[in-house]
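**Student:** Prediction below, plus the sequence it came from.
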Amino acid sequence: MRRAGPSAVTVCVQADLDQLREQLEEEQSGRADMQRALQKANAEAQQWKQKCESGEGGVRSVTTDSQRMQHEQK
């Protein structure tokens, strides 16, 4: 059996490296997308919280207080 020469090994290693770089870029892009979505969801949740606490959200604080107490009892 013949051993691969140094240039053949270099080509294989380079191909593997290129594939890993591409995979890393895809993972980083996906993570960045998820972080943006999380930030957007957190901001929206904060807005709704402020609306509910101020009464602007159409929910009376008495209702939210009673719901909170019911949830805590469970």
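**Tutor:** Alright, I've got the coordinates. Numbering: from 1, shown residues only.

**Student:** only C-alpha atoms for contact and neighbour calcs from this point on.
**Tutor:** Will do.

**Student:** Quick one: mean pLDDT over the lengthiest helix in the chain.
**Tutor:** For the chain, the longest helix by residue count, based on DSSP state H, is helix 6-54. Mean per-residue pLDDT for helix 6-54: 94.

**Student:** what does stretch 66-74 give?
**Tutor:** Mean pLDDT, computed over stretch 66-74, is 77.

**Student:** please begin residue numbering at 99 from this point
**Tutor:** Yes, from this point I'll number from 99; that puts the last item at stretch 164-172.

**Student:** Pull the CA coordinates from it and hand them back as CSV.
**Tutor:** What follows is stretch 164-172, C-alpha atoms only, in CSV (Å, rounded to 0.1, in the frame of the first residue of the first chain):
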residue,chain,number,x,y,z
SER,A,164,-55.6,37.9,41.5
GLN,A,165,-54.1,35.9,38.7
ARG,A,166,-50.7,36.2,40.3
MET,A,167,-52.0,35.0,43.6
GLN,A,168,-53.8,32.1,41.9
HIS,A,169,-50.5,31.2,40.2
GLU,A,170,-48.5,31.4,43.4
GLN,A,171,-51.0,29.1,45.2
LYS,A,172,-50.4,26.3,42.6
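
**Student:** Centre of the chain to it, how far?
**Tutor:** Relative to its chain's centre, stretch 164-172 lies at 30 Å (CA atoms, centre = their mean, to the nearest Å).

**Student:** Over to stretch 117-125?
**Tutor:** In terms of CA atoms, centre = their mean, the centre of stretch 117-125 is found 18 Å from the chain centre.

**Student:** Only C-alpha atoms, please: export it in PDB.
**Tutor:** Backbone C-alpha positions of stretch 117-125 (Å, rounded to 0.1, in the frame of the first residue of the first chain) are rendered in PDB as follows:
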ATOM      1  CA  GLN A 117     -15.400  22.800   5.600                       C
ATOM      2  CA  LEU A 118     -15.000  23.500   9.300                       C
ATOM      3  CA  ARG A 119     -14.700  27.300   8.700                       C
ATOM      4  CA  GLU A 120     -17.900  27.300   6.600                       C
ATOM      5  CA  GLN A 121     -19.700  25.300   9.300                       C
ATOM      6  CA  LEU A 122     -18.500  27.700  12.000                       C
ATOM      7  CA  GLU A 123     -19.700  30.700  10.000                       C
ATOM      8  CA  GLU A 124     -23.200  29.100   9.600                       C
ATOM      9  CA  GLU A 125     -23.300  28.400  13.400                       C
END
